[in-house]
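Trainee: okay, structure incoming, though there's no sequence with it:
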């Protein structure tokens, strides 16, 4: 049996889970998230706990069991606490600022990049070298952070670019080390 799938999800105060057929709705103080669960998976709400069950022991259904338990847990955490990712900008002249609701990035191109975040995602630039992405949908927060990072991923020689906070960039030696110069 799936170790993750059989764990019971505890609901914090103020979070409600409603199940209608294969649709699961999670409401909390920060908002509401909906998902359509695979038909082989059933979701049972018992008071302040949620249990996820599967119909058979097939390999595919075992995989879905853990997946949907984790997805529902992420929805519960999202509507109660929310998620955030932090990005750092490294490089001379590289900076970020907010222009209205859009993020204006100047990361070494001849033109600035204007990025409008998707619905339900909040993007902030507390300083010129930091970007904060927050929201209730874990997947959407991660995808938005990855999209912003993709505009100028960190390069291995000087480490310039947009990176996740705390990300370690593997550095390469430059030309002098490669040619064997003394």
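Mentor: In hand now; what should we look at? None of the values given here were measured: they were computed from a predicted structure.

Trainee: endpoints of stretch 46-56, how far apart?
Mentor: End-to-end distance for stretch 46-56: 22 Å, by CA to CA, to the nearest Å.

Trainee: rounded mean pLDDT for that stretch, please.
Mentor: For stretch 46-56, mean pLDDT rounds to 93.

Trainee: give me the element the most centrally placed residue in the chain is part of.
Mentor: The residue lying closest to the centre of the chain (CA atoms, centre = their mean) is residue 142, at 2.3 Å. Applying DSSP states H and E as the criterion places residue 142 in helix 138-150.

Trainee: what's that helix in contact with?
Mentor: Outside helix 138-150, the residues that touch it by CB atoms under 8 Å, 6 or more residues apart in numbering are 74, 77-78, 83-85, 87, 103, 105, 115, 117-118, 120-121, 123, 131, 133-135, 161-164. Every C-beta, even on glycine, is put in place using the N, C-alpha and C of the backbone.

Trainee: longest helix anywhere in this structure?
Mentor: helix 59-80 (DSSP state H).

Trainee: what's the spacing between it and its chain's center?
Mentor: Put simply, helix 59-80 sits 15 Å off its chain's centre (CA atoms, centre = their mean, to the nearest Å).

Trainee: picking up where we left off before, which ones among the contacts of helix 138-150 lie within helices?
Mentor: Of the positions in the contacts of helix 138-150, 74, 77-78 sit in helices, assigned by DSSP H.

Trainee: ok, and the most crowded of those?
Mentor: residue 78 (23 neighbours; other CB atoms under 10 Å).

Trainee: any weak-confidence spans in this structure?
Mentor: 1-2, 177-182 (pLDDT under 70).

Trainee: domain-wise, how is it divided?
Mentor: As given by automatic domain parsing, the domain ranges for the chain are 9-80, 83-164.

Trainee: partners of residue 122 in the sheet?
Mentor: residue 134 (DSSP bridges).

Trainee: next, work out how far apart residue 51 and residue 10 are.
Mentor: Using CB to CB, to the nearest Å, we find residue 51 at a distance of 11 Å from residue 10.

Trainee: repeat for residue 83
Mentor: Taking CB to CB, one finds residue 83 at 18 Å from residue 10.

Trainee: which one's more surrounded, these two?
Mentor: Here residue 83 and residue 10 are set side by side on neighbour count (other CB under 10 Å), and the busier one is residue 83, at 20 against 11.

Trainee: how close does that one sit to residue 56?
Mentor: Using CB to CB, residue 83 is found at 33 Å from residue 56.

Trainee: can you check residue 65 too?
Mentor: Taking CB to CB, one finds residue 65 at 10 Å from residue 56.

Trainee: neighbour count: the two, which is higher?
Mentor: Neighbour totals were compared for residue 65 and residue 56, and residue 65 leads with 23 against 9 (other CB under 10 Å).
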